[in-house]
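1. Prediction below, plus the sequence it came from.
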Amino acid sequence: MKLVSIKKCCLLFTVLSFLVCAAVSFAADVPKKNQREAQKLFNAGNKLLQEGKAEEALINYTKAIELNPNLQDAYYNRAMIYAQQGRIDDAIADYSKLIELKPDADVYLNRAYLYNQKGKLADAASDFGKVIELNPAVTPDIYYNRGVIYYSENKYDPAITDFSKVIELNPAFADAYKNRGFAYFGKGQYDNSIKDFNKAIEMGPPSDKLYFGRGIANFGKEAFDPAISDLTKALEMDPNSVNTYYIRGQAYMGKKDYDPAIADFTKVLEKSPKMAAAYSYRGNAHLSKQNYEMAVSDFTKAIEMDPKAGDAYYARASIYWASENKDAAVSDFTKALEINPGYVNAYTCLGDYYNEADKLDQALQNYSKAIELNPKAGKVYAYRAVVYWKMKDYKKSWDDVNQAKSMGETVDPSFLDFLERDSNPKKEPAPPPKQSDTKGPKEPKRNK
């Protein structure tokens, strides 16, 4: 989705219509005869260009430059023809030579547009900066265009600075408020973003982008009702916006209003049937409604669309785990952790699985990883205490028991009896206790 765009106030292709007729050159190291011949070729090129014979004019300008490499206006006119023909690199080379001969704001401006056209955004921003440096009295559009480039590079602070300068120079420049609103959103400054979108909406005309922008800013604040209201207005203006349905679906999820959320994600998938994230979100909505088969179907589809969809593997694993399909759950948890090793409950469930199978080294490894990621997971200390007990490392078992208790967890009293007897060599060995409550998560972690 394109939120902002370059405002071509002084378009290169507008400048092209202005033919330079009076050639300027530096005479140093160029024989007088060459200068005269170059000037004749330059003048002939201008005449040809005025007659619409651009290719022939190009030949004359090139010959003139060969005779007099310092003939500035021949480079300028040749660059204009190159740009018109789509020979962007050649045009940039000529403007660069001109800048080498004599820095000029208009030349930097034209090169900036060409760099932008080539996707060389940092170079374009630099050239816009040179335009401002050489001509501080530039129109607001120059700041605006540089702000757009900064925004597209996720450089929100300088983008905000440039859009603010535009507003200072021209308070009626509505697009500057709009784009500054998006930049504030990028920084997570949702209140400032909403203020700018309010101003842009007030200035008019109505636009789906403005309501979308204010909608996502409200969504960022978790103000779901106004977010849904704005996104609905945006959809009235542009009913084909996949992204707007997608964000509104998430807003409905935030309200725990799952039926309209499912409807919005279904609409997204009608228009973008390969959008894995939409399947994941709809799967979570079905899961919240306890439609487990539909949830598994959606998570499976998300994985099919994107084999790196870690959240989908994790969510599907959680359903398998709760339904006692432990082998399938372990497979999905393992895959999820390969993609994103940050799922604490996945490590806990794998620890439970290997603990029950008496694969103690693997159980210990997974419980320890869960504790590393969440040192406040008191229950996991209690689970790991059982593993240490099975491994006859009673000191570490007691350490984990005490840690779990310090966090307010209740440890199975029968296990404590067995641990007390086994850690005292004078007592008879106790039979193994039953596995303590190590059930997996009832519900997967939500997508964010």
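-> Cool, the structure landed.
2. distance of Val344 from Gly351?
-> 11 Å (CB to CB, to the nearest Å). Glycine gets a C-beta too; all of them are placed from N, C-alpha and C.
3. Check what pLDDT Pro31 gets.
-> Note on Pro31: pLDDT of 87.
4. Please apply the same query to Val138.
-> pLDDT at Val138 comes out at 85.
5. So what does it look like in phi/psi?
-> Torsion angles at Val138 (phi, psi; degrees, to the nearest 10) stand at phi -70, psi 160.
6. Surely it touches Lys130?
-> No - using CB atoms under 8 Å as the test, Val138 is too far from Lys130 to be in contact (10.8 Å).
7. Tell me the residues that contact both of these two, please.
-> Common contacts of Val138 and Lys130 (CB atoms under 8 Å, 6 or more residues apart in numbering): Ala105.
8. if we can go back for a sec, overlap in contacts of Val344 and Gly351?
-> When contacts are counted by CB under 8 Å, 6+ apart, the set common to Val344 and Gly351 consists of Ala370.
9. The two: which has the busier surroundings?
-> Comparing Val344 with Gly351 by other CB atoms under 10 Å, the one with more neighbours is Gly351, at 26 against 17.
10. List the buried residues in the helix or strand where the more buried one lies.
-> Applying DSSP states H and E as the criterion places Gly351 in helix 344-356. For helix 344-356, a neighbour-count test (16 or more other CB atoms under 10 Å) marks Val344, Asn345, Ala346, Tyr347, Thr348, Cys349, Leu350, Gly351, Asp352, Tyr353, Tyr354, Asn355 as buried.
11. swap in stretch 285-296?
-> Neighbour-count burial for stretch 285-296 [16+ other CB under 10 Å]: Ala285, His286, Leu287, Ser288, Asn291, Met294, Ala295, Val296.
12. Adding distance to Leu109, pLDDT and secondary structure, write these out as JSON lines.
-> Output for the buried residues of stretch 285-296, formatted as JSON lines (distance: CB to CB, whole Å; pLDDT from 0 to 100; DSSP: H, G, I helix; E, B strand; the rest coil):
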{"residue": "Ala285", "distance to Leu109": "51", "pLDDT": "98", "secondary structure": "helix"}
{"residue": "His286", "distance to Leu109": "54", "pLDDT": "98", "secondary structure": "helix"}
{"residue": "Leu287", "distance to Leu109": "55", "pLDDT": "97", "secondary structure": "helix"}
{"residue": "Ser288", "distance to Leu109": "54", "pLDDT": "96", "secondary structure": "helix"}
{"residue": "Asn291", "distance to Leu109": "58", "pLDDT": "96", "secondary structure": "coil"}
{"residue": "Met294", "distance to Leu109": "57", "pLDDT": "98", "secondary structure": "helix"}
{"residue": "Ala295", "distance to Leu109": "55", "pLDDT": "98", "secondary structure": "helix"}
{"residue": "Val296", "distance to Leu109": "57", "pLDDT": "97", "secondary structure": "helix"}
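13. I'd like to know which of these is nearest to Ala317.
-> Val296 (10.4 Å; CB to CB).
14. Tell me who's in contact with the nearest residue to Gly181 once chain neighbours are set aside.
-> Nearest residue to Gly181, sequence neighbours excluded (CB to CB, 6 or more residues apart in numbering): Asp196, at 3.5 Å. Contact analysis of Asp196 by CB under 8 Å, 6+ apart lists Tyr177, Lys178, Arg180, Gly181, Tyr184.
15. Closest one of these to Asn46?
-> Lys178 (42.3 Å).
16. what's next to the one helix or strand the closest one maps to, contact-wise?
-> Counting by DSSP H and E, the element that carries Lys178 is helix 174-186. For helix 174-186, the external contacting residues (CB under 8 Å, 6+ apart) are 3-4, 7, 140, 144, 147-148, 151, 154, 156, 159-160, 163-164, 166-167, 170, 190, 192-197, 199-200, 203-204, 207, 209-210, 213-214, 216-217, 220.
17. what's the answer for stretch 340-349, then?
-> Outside of stretch 340-349, the residues that reach it under the criterion CB under 8 Å, 6+ apart are 310-311, 314, 317-318, 321, 329-330, 333, 336-337, 366-367, 369-370, 373-374, 377, 379-380, 383, 438, 440-441, 445.
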